[in-house]
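Student: missing the sequence, but the structure's below:
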């Protein structure tokens, strides 16, 4: 199987072995063993004026942990689901949730791998993929994200202004959940931002479809953000996705994919050597403008 984060193996610090020795104190704190140490340019967004921290969400009887960030003292906020890379909800993902909260959103970042283990305890990518990520099926993830939406509604958030934004593994999930929102009885996604998610792949029992397969039936427009130097997602796949969007429904045709020619995979991940400040900053401005243009924030 092609890794969900194909470039990452070259970035893993060589002094880390495969033992599961890293333990975090709370969700959204620390980094996975695979990504230690963090790069010096890692952004730290303050919690000033926000309500932040770990929450527990009931997902069909399973206690799903999630990191929540929202403006203090405000109700009826638009909802943004933040979907992690394969490393789970660590410092960077929590920081992104706080950035969305400072933009006026009720941000929820669920630990979607929780049923299968702690991704932050792994120091070997191959084991992380085989023991946790590849066992986390799409139907399970869709159900957990639905539970997050239900929970946000119960907290007084406005799920009529629902958005989703995901990175790497979460970028692929973003496309799938947007299409999931077009099914009867589901809450439609108003706008989505998919950061360098895998677009094309072979079907498996746990991953029966990929973004290019569902592009024509989106519930809301998607902004796709990709690097032209991404070794794991060739531009040919990006062009196939663009063609599928052009042939799709109104939300698909309103979608857009932006490619930063010299940017690698994970160019927004400020804690990694792949970070490219100019592309990341421009992409973040586009992401917030996308939410605003489609009535989310």
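Tutor: Nice, thanks for sending it over. Everything numeric in this text was worked out from a predicted model, so none of it was measured.
Student: what's near enough to touch the residue nearest the centre of the chain?
Tutor: The chain has residue 166 as the residue nearest its centroid, 1.9 Å off, counting by CA atoms, centre = their mean. Applying CB atoms under 8 Å, 6 or more residues apart in numbering, we find residue 166 in contact with 81, 82, 83, 84, 172, 173, 174, 193, 194, 195, 197. Yep, even glycine has a C-beta here, placed from its N, CA and C like the rest.
Student: One more pass at 6 Å, please.
Tutor: By CB atoms under 6 Å, 6 or more residues apart in numbering, the contact list for residue 166 reads 83, 173, 174.
Student: what's in contact with stretch 143-152?
Tutor: Contacts to stretch 143-152, defined as CB under 6 Å, 6+ apart, come from residues 57, 59, 64, 79, 81, 106, 108, 110, 112, 159, 177, 187.
Student: Swap in 8 Å and give it another go.
Tutor: By CB under 8 Å, 6+ apart, stretch 143-152 touches 55, 57-60, 62, 64, 66, 79, 81, 83, 106, 108, 110, 112, 159, 162, 164, 173, 177, 180, 186-187.
Student: Just the buried ones from those residues, in PyMOL syntax?
Tutor: The PyMOL command for the buried members of the contacts of stretch 143-152 (criterion: 16 or more other CB atoms under 10 Å) is given here:
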select buried, resi 57+59+64+66+79+81+83+106+108+110+112+159+162+164+173+177+180+187
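Student: what's the weakest-modelled helix or strand in this protein?
Tutor: None of the helices or strands of the chain scores lower by mean pLDDT, DSSP states H and E than helix 125-131, at a mean of 94.
Student: And that one, what's buried?
Tutor: For helix 125-131, the neighbour count (16+ other CB under 10 Å) marks 125, 128, 129, 131 as buried.
Student: which residue ranges form the strands in the protein?
Tutor: 50-59, 62-71, 78-83, 106-110, 158-167, 191-195, 222-227, 256-260 (DSSP state E).
Student: In the stretch 151-297 of the chain, mark out all the helices, start to finish.
Tutor: Assigned by DSSP state H, counting those that start in this stretch, the helices in the stretch 151-297 of the chain fall at 169-180, 211-214, 235-246, 250-253, 277-293.
Student: Indicate which one of the ones you listed is closest to residue 264.
Tutor: helix 277-293 (9.3 Å; CB to CB).
Student: Next, the buried residues of the closest one.
Tutor: So for helix 277-293, counting by 16+ other CB under 10 Å, buried means 279, 280, 283, 284, 286, 287, 288, 290, 291.
Student: Roughly how far does the first one sit from residue 267?
Tutor: The gap separating residue 279 from residue 267 is 5 Å, by CB to CB, to the nearest Å.
Student: do the third one as well
Tutor: Distance of residue 283 to residue 267, computed by CB to CB: 8 Å.
Student: what sits in contact with each of the two?
Tutor: By CB under 8 Å, 6+ apart, the residues touching both residue 283 and residue 267 are residue 260.
Student: got the contact list for residue 209?
Tutor: Residue 209 makes contact with 138, 176, 203 under the criterion CB under 8 Å, 6+ apart.
Student: Tell me the buried residues within those residues.
Tutor: Buried residues within these, counting neighbours by 16+ other CB under 10 Å: 138, 176.
Student: Can you add pLDDT and distance to residue 227 and give the contacts of residue 209 back as TSV?
Tutor: Formatted as TSV, the contacts of residue 209 follow (pLDDT from 0 to 100; distance: CB to CB, whole Å):
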residue	pLDDT	distance to residue 227
138	98	24
176	98	21
203	96	26
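Student: Would you reformat the contacts of residue 209 as CSV and include distance to residue 48?
Tutor: Shown next, in CSV, are the contacts of residue 209 (distance: CB to CB, whole Å):
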residue, distance to residue 48
138, 37
176, 35
203, 46
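Student: Go through the contacts of residue 209 and name the one nearest residue 260.
Tutor: Nearest to residue 260 among the contacts of residue 209 is residue 176, at 23.4 Å by CB to CB.
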